[in-house]
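> Sequence plus the predicted model coming up.
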Amino acid sequence: MSVNGSGGRGRRIQDSGFGIQGNGCRLSAVGRRSTATATLTPRPPLPQTGEGENGRRPAQFPLSQHWERGPGGEGAVRRKPTADDRQPTAGALRWAALLLLAGCASAPALPPAGVAVADPAELAAALQRETTPAGPRQASFGWELNEGGTRVNGRGVVRYEAPERLRLDLFGPRGETYLAAGLLGETYHVPPAVRERFALPSPALLWSALGVVRPPDGSALQGASAAGSEVVLRYTLPEGREFSARVDTAGGLARLRRADLSGRSGVQETVEITPGPAGAPAQTRYRDWAAYRELILKMESVTDAAPFPASIWTPSTPSR
C-alpha cells in the first residue's frame, strides 16, 4: 500500500507496497528502489580493560567519538578527530532522509501531527476500501458481556458480506442461543424471542468491531487529520452526532484501531481494537458508556466463505 501525492494535493492508497512518491523524489521501504545509498564502516570499539595500572577500575561510562580512555583505562581525555569521525552515522542519515523528504515537491505519506489531510474524501474512500473484505467472511470468537455488575460469556460466530450484510449469533456457556441478529444496511432484524436479551451496538460500531470502516448512513465527512502513521476520519450526522475512526497505516496496512460515536453530551459508544499479526482484529472491546455496558470479543478464526443464503440476514427464529 502506498500513499502518493503531487504537489501536496491529495492522497491515494494502493496495493503496491509502501512508499512515498512525489515529483522527482522517492523514498522507499526495504525491497523498493531508493535514490541514495550509503555504506557505514563503524570504528572498532575501544577495548574494555579490567583493572587499571593503578589498581582502580577503569571508567564505566560510554565514550563519544571524540574521547578516549586515559592511561590505565581511567577517566577520559579528548583526542583529535580522525577521518573515521567524519563518516555519517545511522542517526545522521535518518535525519538527512527526513530533510530530503521535507524538501520534495510531494507531501509525505502522512502529514505531521495537527496537519489536516489535503484531500480527505479521497483518503477516506481509500481507507474504507482497504478495510473492507473483498468477499464473504466468517469469524468465530469468544465473547464476554459485562452489564450492570452481571457477567455473561460464551462463544459466537459472525457471517458478513461487508459493508451491507451481517449475521451475528451468540451462544451461552451451555450452547444455548443468547442472540441471533441480522443486519441489512442500517436495519437490525432480531427474532422477538431474543430481542430483549441484548442491546446491539450502533451498526457503524458493529462493523468497526470487525475492523471495517463503515460510516453511518447519512453522515457527512468533515475532514481527516494525521499524526505519524495514524489517520483520523471525522463524520457528522444530521442529529448532531459525530462518528470518528482512527486508522493506523504503519507498514503499508490499513488497520482500524478505534471508532467513536459521540453526541452533544460527549462520547456515547466506542470500539477499541487490538490487531493480530495478519491485520485482522485479535480482540475488540465495545463500550456503551451511558448503559455501563461492555462487550469483549476475542477472535479465534477469520476465514473466507462461500456466498451465504439470503435467508440468514433476516432470522425469524434463533438458530445455529
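Perfect, I can see it now. Because the structure is a prediction, the values reported are computed rather than measured.
> quick one: the strands in the stretch 101-250 of the chain?
115-116, 137-147, 150-161, 165-171, 177-184, 187-189, 220-227, 230-236, 242-248 (DSSP state E, counting those that start in this stretch).
> Give the pairing partners of the shortest one; include direction for each.
Paired with strand 115-116 in the same sheet, following DSSP bridges, are strand 220-227 (antiparallel).
> Alpha carbons only: can I get the strand it pairs with in CSV?
Provided in CSV are the C-alpha atoms of strand 220-227 (Å, rounded to 0.1, in the frame of the first residue of the first chain):
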residue,chain,number,x,y,z
ALA,A,220,-21.0,13.7,6.0
LEU,A,221,-17.2,13.7,6.0
GLN,A,222,-16.0,16.7,7.9
GLY,A,223,-12.3,16.1,7.5
ALA,A,224,-9.2,14.0,8.1
SER,A,225,-6.1,14.6,10.1
ALA,A,226,-2.9,12.7,10.7
ALA,A,227,-0.3,12.1,13.3
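> re earlier: worst mean pLDDT among the strands of the stretch 101-250 of the chain?
Mean pLDDT per stretch puts strand 115-116 lowest among the strands of the stretch 101-250 of the chain, at a mean of 90.
> now the strands of the stretch 101-250 of the chain as JSON lines including distance to Phe198 and mean neighbour count?
Backbone N, C-alpha and C define where each C-beta goes, glycine included. Putting the strands of the stretch 101-250 of the chain into JSON lines (distance: least, CB to CB, whole Å; neighbours: other CB atoms under 10 Å) gives the following:
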{"stretch": "strand 115-116", "distance to Phe198": "39", "mean neighbour count": "12"}
{"stretch": "strand 137-147", "distance to Phe198": "8", "mean neighbour count": "17"}
{"stretch": "strand 150-161", "distance to Phe198": "9", "mean neighbour count": "16"}
{"stretch": "strand 165-171", "distance to Phe198": "7", "mean neighbour count": "22"}
{"stretch": "strand 177-184", "distance to Phe198": "5", "mean neighbour count": "21"}
{"stretch": "strand 187-189", "distance to Phe198": "11", "mean neighbour count": "14"}
{"stretch": "strand 220-227", "distance to Phe198": "30", "mean neighbour count": "16"}
{"stretch": "strand 230-236", "distance to Phe198": "26", "mean neighbour count": "20"}
{"stretch": "strand 242-248", "distance to Phe198": "22", "mean neighbour count": "21"}
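> In CSV, list the ones you listed along with distance to Arg258.
Converted to CSV, the strands of the stretch 101-250 of the chain look like this (distance: least, CB to CB, whole Å):
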stretch, distance to Arg258
strand 115-116, 19
strand 137-147, 19
strand 150-161, 20
strand 165-171, 20
strand 177-184, 21
strand 187-189, 23
strand 220-227, 13
strand 230-236, 9
strand 242-248, 4
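> Out of those, which is closest to Ala199?
strand 137-147 (8.4 Å; CB to CB).
> strand partners of the closest one, parallel vs antiparallel please.
In its sheet, and by DSSP bridges, strand 137-147 pairs with strand 150-161 (antiparallel), strand 293-304 (antiparallel).
> Tell me where the model's unsure across this protein.
1-114, 317-320 (pLDDT under 70).
> how many neighbours does the nearest residue to Leu237 once chain neighbours are set aside have?
Of all residues not flanking Leu237 in the chain, Ser219 sits nearest, at 5.1 Å (CB to CB, 6 or more residues apart in numbering). Neighbourhood size, Ser219 [other CB atoms under 10 Å]: 16.
> list the contacts for Ser219?
Tyr235, Thr236, Leu237, Phe243 (CB atoms under 8 Å, 6 or more residues apart in numbering).
> Wait, the first one touches Pro215, no?
The one in question is Tyr235. Yes. The pair Tyr235 and Pro215 qualifies as a contact (CB atoms under 8 Å) at a distance of 4.7 Å.
> Could you pull out the residues contacting both of the two?
Going by CB under 8 Å, 6+ apart, residues that sit against Tyr235 and also against Pro215 are Leu221, Phe243.
> Tell me where the stretch 51-200 of the chain has helices.
90-103, 120-131 (DSSP state H, counting those that start in this stretch).
> Next, the angle strand 242-248 makes with the shortest one.
Looking back up the chat, that one is helix 120-131. Comparing the axes of helix 120-131 and strand 242-248 via axes from the mean of the first three to the mean of the last three CA atoms, to 10 degrees yields an angle of 60 degrees.
> and helix 120-131, which residues are buried?
Pro120, Glu122, Leu123, Ala124, Ala126, Leu127, Gln128, Glu130, Thr131 (16 or more other CB atoms under 10 Å).
> I'd like those residues as JSON lines, with distance to Arg155 appended.
Putting the buried residues of helix 120-131 into JSON lines (distance: CB to CB, whole Å) gives the following:
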{"residue": "Pro120", "distance to Arg155": "39"}
{"residue": "Glu122", "distance to Arg155": "40"}
{"residue": "Leu123", "distance to Arg155": "37"}
{"residue": "Ala124", "distance to Arg155": "35"}
{"residue": "Ala126", "distance to Arg155": "35"}
{"residue": "Leu127", "distance to Arg155": "31"}
{"residue": "Gln128", "distance to Arg155": "30"}
{"residue": "Glu130", "distance to Arg155": "29"}
{"residue": "Thr131", "distance to Arg155": "25"}
